[in-house]
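Chemist: Structure for this input, please:
(2 chains)
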Amino acid sequence: MSAVTVFGLCAAAAVGLGLYGLIANPQPLRKIIAFNLLGSGVFLLFGIVGRRGAAAGFGNDPVPQALVITGVVVAFSATALAIALLLRLFQIAGSTTLNSRAAASPRSDPSGH
Amino acid sequence: MLPPAPALVTTAGGFLLVLSIVVPVAGVLLAFALGERYVRQVASTVVPVGLAIALAVLVLLPRSDGHLVYLLGAWPPPLGVALRADGLSAVMLATTAVVICAVVIFAATDFRPQSVEARAPFAFWILLLAIWGALNTIFVAGDLFTLYVALELLTFAAVPLVSLDGRAETLRAALRYLLFALLGSVLYLMGTALLYGLYGTLDIELLSHRVSADSGVLIAAAFCMFNRYVDGLATLTPTDRDAYDQMGKRMAAQGYVQRS
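Modeler: Residues are numbered from 1 along each chain as shown, chains lettered A, B, ... in the order given. Next comes the predicted model:
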């Protein structure tokens, strides 16, 4: 099994775990972390695509690496925006749940239940 | 091995595509630099200029064979990034410009400085210009990755607009919208990665020459399509009937325009 295959399987596992966490977890903070895991899987996939496209004396295709750097910046700003919204929501509503019916009683459990 | 793609050069009106992105973004930066007092003046200067650019694209398009192309840094695809406009892009640019003008006229009374809260008008005018820049980028983007960045920019501008008045429900709706949009965009990015792995280019026109509908392309396209699907799911609907009742009474008494 070559290194590319191992990393490919890692990328698939990260994407799968992230997707599961993003869909199955009710707490917004865990959803944000799961999104980052999913994003890391996709970036790893880009790295593998670049590795497989190695040609013309280069060990690696530079284009996917440029795309990954842009993608990392975008994912970072997305995480920052989500965290800022979450903090603001906690300050105002006293809980971070996304379910508006459950949030009727303010100052409930901050973990989101 | 690969069928030859047509050689690309920057067409005569290609700089208009750059201007259609640069003008709203410059408006955002200028409004930030000048501060809250001048934000409306900046918006009301930038918006007519943007409308003129969109109309100029519409006029120039038939004269340059139905295609406007601008190669960034004169690098041709697949290495470089191209901005393109065909008939559909030009119509979308013009439609967006007209809608933004209507929004500006409609919102001019509601978002006067110091009429609501201090921050809301400032944020509104800046985010309106940011949304416009992102939409124009989507319409003229010539490759899939530029499209991804533009979709993310649109999300980042739209989410704060959703939660502009800062109540808990709107913050919750904004956070839900952001999470849906992020899931969609990261899966779109995965589709982009798979397409690059298969064909070695992200340029839409080059891809159209190389792609054959095998299973890999269909999987990648499914990831790309999912993004557009989930983007519409996060709208907020009030669950109790009193909210509708109250809104109906208010609209009957005051008309459609809400005065705060």
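Chemist: what residue lies at the spatial centre of chain A?
Modeler: For chain A, the residue nearest the mean C-alpha position is residue A:36 (1.9 Å; C-alpha atoms, centre = their mean).
Chemist: give the contact list for that residue.
Modeler: Contacts of residue A:36 were listed using C-beta atoms under 8 Å, 6 or more residues apart in numbering or on different chains, and they are A:18, A:75, A:79. Any C-beta I mention is one placed from the backbone N, CA and C, and that applies to glycine too.
Chemist: Does it lie in a helix or a strand, and which?
Modeler: With secondary structure defined by DSSP states H and E, residue A:36 is part of helix A:28-52.
Chemist: any idea whether residue B:70 is helix, strand or coil?
Modeler: Secondary structure state of residue B:70, per DSSP: H, G, I helix; E, B strand; the rest coil, is strand.
Chemist: If you could redo that for residue A:12, that was the one I meant.
Modeler: Per three-state DSSP, the secondary structure class of residue A:12 is helix.
Chemist: and the gap between residue A:47 and chain B?
Modeler: Going from residue A:47 to chain B by C-beta to the nearest C-beta, to the nearest Å gives 9 Å.
Chemist: Verify the stated contact: that residue with residue A:64.
Modeler: Yes: if you go by C-beta atoms under 8 Å, residue A:47 and residue A:64 touch, sitting 6.8 Å apart.
Chemist: Between those two, tell me which one has more neighbours.
Modeler: residue A:64 (26 against 20; other C-beta atoms under 10 Å in any protein chain shown).
Chemist: Does anything pack onto whichever strand or helix holds that one? Which helices or strands?
Modeler: Assigned by DSSP H and E, residue A:64 belongs to helix A:62-93. On a contact count with 3 or more C-beta pairs under 8 Å, 6 or more residues apart in numbering or on different chains; DSSP states H and E, helix A:62-93 meets helix A:28-52, helix B:144-162, helix B:168-199.
Chemist: To residue B:40, which of these lies closest?
Modeler: Among the helices and strands packed on helix A:62-93, the nearest to residue B:40 by C-beta to C-beta is helix B:144-162 (16.6 Å).
Chemist: Tell me the helices and strands packed up against that closest one.
Modeler: Secondary-structure packing of helix B:144-162 (3+ C-beta pairs under 8 Å, 6+ apart): helix A:62-93, helix B:119-140, helix B:168-199.
Chemist: just so I know, which of the ones you listed lies nearest residue B:20?
Modeler: helix B:119-140 (4.5 Å).
Chemist: need the residues of chain B near chain A, please.
Modeler: By C-beta under 8 Å from any C-beta of the partner chain, the residues of chain B that approach chain A are B:79, B:145, B:148-149, B:152, B:155-156, B:159-160, B:163, B:166-169, B:171-172, B:174-176, B:178-179, B:182-183, B:186, B:189-190, B:192-194, B:196-197, B:200, B:239.
Chemist: Show the buried residues in those.
Modeler: Buried by 16 or more other C-beta atoms under 10 Å in any protein chain shown: B:145, B:148-149, B:152, B:155-156, B:159-160, B:163, B:168-169, B:171-172, B:174-176, B:178-179, B:182-183, B:186, B:189-190, B:192-194, B:196-197, B:200, out of the residues of chain B next to chain A.
Chemist: Please report phi then psi for residue B:79.
Modeler: phi -80, psi -40 (degrees, to the nearest 10).
Chemist: contacting residues around residue 63?
Modeler: With no chain named, the answer covers chain A. By C-beta under 8 Å, 6+ apart, the neighbours of residue A:63 are A:50, A:53, B:79, B:196.
Chemist: ah, no, chain B please
Modeler: Applying C-beta under 8 Å, 6+ apart to residue B:63 gives the contacts residue B:13.
Chemist: 10 Å instead?
Modeler: B:11, B:12, B:13 (C-beta atoms under 10 Å, 6 or more residues apart in numbering or on different chains).
Chemist: and the residue lying closest to the last one once chain neighbours are set aside, what element?
Modeler: Okay, so that is residue B:13. With C-beta to C-beta, 6 or more residues apart in numbering or on different chains as the criterion, residue B:13 has its nearest non-adjacent residue at 3.9 Å, and that residue is residue B:60. In the assignment (DSSP H and E), residue B:60 maps to helix B:39-63.
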